[in-house]
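*Asks:* Predicted structure and sequence below. I'll ask about it afterward.
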Amino acid sequence: MRCYIEAIHYLRTNPPGAISLLQKYMGGLNVEEASYLYHEQAEFFDPLFLPSDKALQALLDRESDPKAKSAKPADFVDVSFLRDIEKSGMIEQLYRK
């Protein structure tokens, strides 16, 4: 998960590198296309990108199985390890550089 957080940091703080990666891994996009995608989406990547309880609940609500409808996001997702990383100060150190 630390690598996940470092990758988000790279994405947010190194636009040329992130755009290059988009070109490489998104089917050979040209620079303009990759740049457009980067600039449209980069702002949505929070330093600590946590799953949204609201979004997960919306998915559960769409299910036809009664067990899924009565489930809660916390039944499936444990973000305690991400919170521990946050408490360690790692994210603050990354963005302070």
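*Replies:* Arrived safely, thanks for sending. Numbering: from 1, shown residues only.
*Asks:* Buried residues, stretch 16-27. List them.
*Replies:* Residues of stretch 16-27 classed as buried: Ala18, Ile19, Leu21, Leu22, Gln23 (neighbour count, 16 or more other C-beta atoms under 10 Å). No exception for glycine: its C-beta is placed from N, CA and C like everyone else's.
*Asks:* just stretch 61-74 next, same as before
*Replies:* Ala71, Pro73.
*Asks:* of the buried residues of stretch 16-27, closest to Tyr95?
*Replies:* Distance to Tyr95 across the buried residues of stretch 16-27 (C-beta to C-beta) is lowest for Ala18, with 15.7 Å.
*Asks:* Grab the nearest non-local neighbour of the closest one.
*Replies:* Distances taken as C-beta to C-beta, 6 or more residues apart in numbering put Leu11 closest to Ala18, at 4.7 Å, once the chain neighbours are dropped.
*Asks:* Tell me the spacing between the one you found and Gly17.
*Replies:* Distance, Leu11 to Gly17, using C-beta to C-beta, to the nearest Å: 8 Å.
*Asks:* Name the helix or strand of this structure that has the lowest mean pLDDT.
*Replies:* Taking mean pLDDT, DSSP states H and E as the measure, the chain has helix 66-70 as its least confident helix or strand, at a mean of 86.
*Asks:* Could I get the full set of strands for this protein?
*Replies:* In the chain, no strands are found when defined by DSSP state E.
*Asks:* could you pull out the helices for it?
*Replies:* For the chain, the helices defined by DSSP state H occupy 2-13, 15-25, 31-41, 53-62, 66-70, 80-88, 90-96.
*Asks:* Need the residues that contact stretch 12-23.
*Replies:* Under the criterion C-beta atoms under 8 Å, 6 or more residues apart in numbering, residues 10-11, 29-31, 34-35, 37-39, 42, 45, 47, 95 lie in contact with stretch 12-23.
*Asks:* try 10 Å
*Replies:* Contact with stretch 12-23 is made by 7, 10-11, 29-39, 41-43, 45-47, 94-95, 97, as judged by C-beta atoms under 10 Å, 6 or more residues apart in numbering.
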